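Peer 1: predicted model follows, preceded by the sequence.
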Amino acid sequence: MVEQRPAEPAAGVPEVDGDLIDLQAAVEHLGHEVGDRLIGVVGYHPQLARLLAGRHDRQRPRVVLRDLGHADVREHLPGRPLDLLQAGKFGRPGHPDAHEFIISRTGCRPSAGRGGKMTPGGRRESGADVRVVVAGAGFAGLLAAYRVAQAGHEVVVLEARDRVGGRVWSQELVPGDPRSVVERGGEFVLDGYDVMRAVLAELGLELADTTMSYDEREPRGGAVTTARDVARCAAAVAGAAASAPPGASLAEVAARWPGSAAALAAFVSRVVVTHGVDAEVLAAAAVTDVTGGFARRPSWRVAGGNQRVATGLAGRLGSPVRLRSPVRAIEHDHEGVRVRTAGGAVTGDAVIVAVPMAVLRALPFSPPLPEARREAWRRAGLAHNAKLHLPLTRPAAASAVQSVPGRFWTWTATDASGQVQPVLHAFGGTEPGLAALGVADGPAGWASRVAALRPELSLDPDRALLTTWNDDPWAGESYSAHTVEVAGGDELIVAPEGRVHFAGEHTAGAWAGLMEGALRSGARAADEVLAAARR
């Protein structure tokens with residue numbers, strides 16, 4: 001996990017007259033750490049320049065003042081490579097001698113060919129970094145930041161939580177037992193997760209086969225049916241959904257199924273749990289997406305926990321990832337962006353907003369974004385889901401069992417050791433379904449329902465772990481849901497708005513709601529920013 005490091009005072013920096021600037025305040029205002037890789041605020045002041053020219057210390061950050069209209073600062077620091085990153089006006093409040101300053105970084109690679117810094121006219125000056133601010137350190141935000149940084153530009157990642165990963169969260173159910181690692185958020189890696197596999201290879205991570213199949217589940221609790229009958233029903237309904245008119249609900253399409261009522265009940269129960277909304281509001285088109293298969297296929301998890309993808313990316317990025325830094329507002333114009341947090345503002349040339357849709361809806365933008373985009377956000381569906389994990393007190397085989405009337409399913413799975421984890425996992429969905437399970441009151445009620453569904457297992461319900469996302473202030477949803485209100489594709493959810501770009505699973509089209517979708521959206525947003533930097 002990446003820890004946030006607070007800014008330290010710049011050692012060895014001489015005092016500056018009050019009519020110029022409070023250096024530390026300026027650095028904090030720009031959101032920079034004062035460390036080995038930063039010089040600090042660069043501006044011109046002859047007396048200070050002469051002073052520092054005689055106190056050259058390669059082991060410390062250096063601060064020089066230079067008015068942007070005067071001589072190049074490089075003449076005062078011979079042999080020290082500089083990259084000029086971001087401009088802004090600072091000065092003592094009310095004092096007439098306020099100056100424009102820039103942050104400069106030392107020890108950078110040559111910046112030729114990087115694309116350049118944006119100018120007020122919308123073009124870029126060659127030979128300077130583009131600074132990109134990323135809101136959110138989930139899969140989407142981290143991969144976007146990593147791809148931008150790989151291209152040689154500066155990034156700052158602002159994350160509200162005290163951890164990275166967003167709605168991907170791996171934790172030991174039994175503290176100290178690595179074989180009890182559970183996924184409190186996104187879990188399964190399926191066929192077609194090509195970006196996920198590429199990122200895993202880049203980070204040196206591996207997948208572990210779960211042995212059970214995400215796609216094939218034994219239905220229990222309702223009228224008697226079989227997994228084969230449910231699969232036949234699913235195929236028929238999916239075919240009908242593909243030709244249904246826009247705005248048709250799953251309930252409308254499913255009602256035309258002429259076959260087994262028990263199979264239909266199991267199918268609908270499973271689909272609404274997966275999508276987190278009831279059949280009356282779930283778009284029929286949702287059952288033809290990439291997770292719609294009911295035939296047995298393999299499924300995987302990241303060995304050691306899916307959150308290792310996030311911690312791996314954050315580790316590559318290093319100190320630019322700032323935890324406990326929730327974004328409060330975003331200001332944007334033709335000159336740049338200013339992202340406001342509780343600790344101040346971070347400025348940049350562009351921002352990638354990679355927060356969940358429920359959070360995005362409430363985020364203030366100045367100037368306000370067009371009403372058409374806001375309306376697209378309001379149309380987006382929010383799924384309601386929860387997860388429950390219970391320790392097993394005796395070994396069990398890999399399995400997948402669905403409670404048809406209970407609107408949840410359960411599974412046991414192998415990990416990287418090839419053995420079944422000593423944990424039973426459960427996943428429930430829809431607002432009425434979660435209310436019936438009593439999740440608002442804690443895990444006990446749901447744990448008793450799980451025990452009744454799986455009498456063949458020996459469980460420890462007293463150590464059950466419950467995770468909900470809709471009441472999480474930094475999520476507000478488990479993921480996005482394709483409801484009947486979502487217009488065809490809603491391209492406005494994806495399209496950039498000037499210097500503001502959007503990422504997150506809700507922007508991933510057919511891959512929405514999935515870890516793969518989050519990663520794909522981050523790569524797409526990074527490509528947008530890099531393409532703009534080359535123009």
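Peer 2: Sure thing, it's come through.
Peer 1: tell me which other helices or strands the longest helix along the chain touches.
Peer 2: Identified as the longest helix of the chain according to DSSP state H is helix 515-534. Contact here means 3 or more CB pairs under 8 Å, 6 or more residues apart in numbering; DSSP states H and E; on that basis helix 515-534 packs against helix 139-150, helix 194-203, strand 350-353, strand 500-502. Yep, even glycine has a C-beta here, placed from its N, CA and C like the rest.
Peer 1: where in the stretch 1-150 of the chain is pLDDT low?
Peer 2: Along the stretch 1-150 of the chain, segments meeting pLDDT under 70 span 1-128.
Peer 1: got JSON lines for the helices and strands packed on helix 515-534, with distance to residue 510 and mean neighbour count too?
Peer 2: Shown next, in JSON lines, are the helices and strands packed on helix 515-534 (distance: least, CB to CB, whole Å; neighbours: other CB atoms under 10 Å):
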{"stretch": "helix 139-150", "distance to residue 510": "16", "mean neighbour count": "27"}
{"stretch": "helix 194-203", "distance to residue 510": "13", "mean neighbour count": "17"}
{"stretch": "strand 350-353", "distance to residue 510": "21", "mean neighbour count": "28"}
{"stretch": "strand 500-502", "distance to residue 510": "17", "mean neighbour count": "23"}
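Peer 1: so which of these gets nearest residue 176?
Peer 2: When the helices and strands packed on helix 515-534 are compared by CB to CB, helix 194-203 sits nearest residue 176, at 25.1 Å.
Peer 1: how about residues contacting the next helix or strand after the closest one?
Peer 2: The helix or strand immediately downstream of helix 194-203 is strand 207-209, counting by DSSP states H and E. Here strand 207-209 makes contact (CB atoms under 8 Å, 6 or more residues apart in numbering) with 189, 197, 200, 298-303, 414-416.
Peer 1: same list (the helices and strands packed on helix 515-534) but as JSON lines, adding distance to residue 287.
Peer 2: Formatted as JSON lines, those follow (distance: least, CB to CB, whole Å):
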{"stretch": "helix 139-150", "distance to residue 287": "25"}
{"stretch": "helix 194-203", "distance to residue 287": "23"}
{"stretch": "strand 350-353", "distance to residue 287": "30"}
{"stretch": "strand 500-502", "distance to residue 287": "26"}
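Peer 1: of those, which is nearest residue 316?
Peer 2: Going by CB to CB, the one of the helices and strands packed on helix 515-534 nearest residue 316 is helix 139-150, 5.9 Å.
Peer 1: mind listing what the closest residue in space to residue 518 that isn't next to it in sequence touches?
Peer 2: In space, and not counting its chain neighbours, residue 518 is closest to residue 139: 3.9 Å by CB to CB, 6 or more residues apart in numbering. Shown in contact with residue 139 (CB under 8 Å, 6+ apart): 165-166, 168, 186, 309-310, 515, 518-519, 522.
Peer 1: most neighbours, which of these?
Peer 2: Neighbour counts for these (other CB atoms under 10 Å) peak at residue 518, which has 35 neighbours.
Peer 1: would you confirm that that one contacts residue 512?
Peer 2: No. In this structure, residue 518 is not within contact of residue 512 by CB atoms under 8 Å, at 9.3 Å.
Peer 1: quick one: common contacting residues for those two?
Peer 2: By CB under 8 Å, 6+ apart, residue 518 and residue 512 have these common neighbours: residue 505.
Peer 1: surely residue 182 is in a helix?
Peer 2: No. Applying DSSP: H, G, I helix; E, B strand; the rest coil, one finds residue 182 to be strand, outside a helix.
Peer 1: and it, how close does it get to residue 251?
Peer 2: Per CB to CB, to the nearest Å, residue 182 is found 33 Å from residue 251.
Peer 1: of the two, who's got more company?
Peer 2: residue 182 (23 against 16).
Peer 1: residues in contact with that one?
Peer 2: Residue 182 neighbours (CB under 8 Å, 6+ apart): 170-173, 389, 423, 425, 465.
Peer 1: how close does it get to residue 133?
Peer 2: Taking CB to CB, one finds residue 182 at 33 Å from residue 133.
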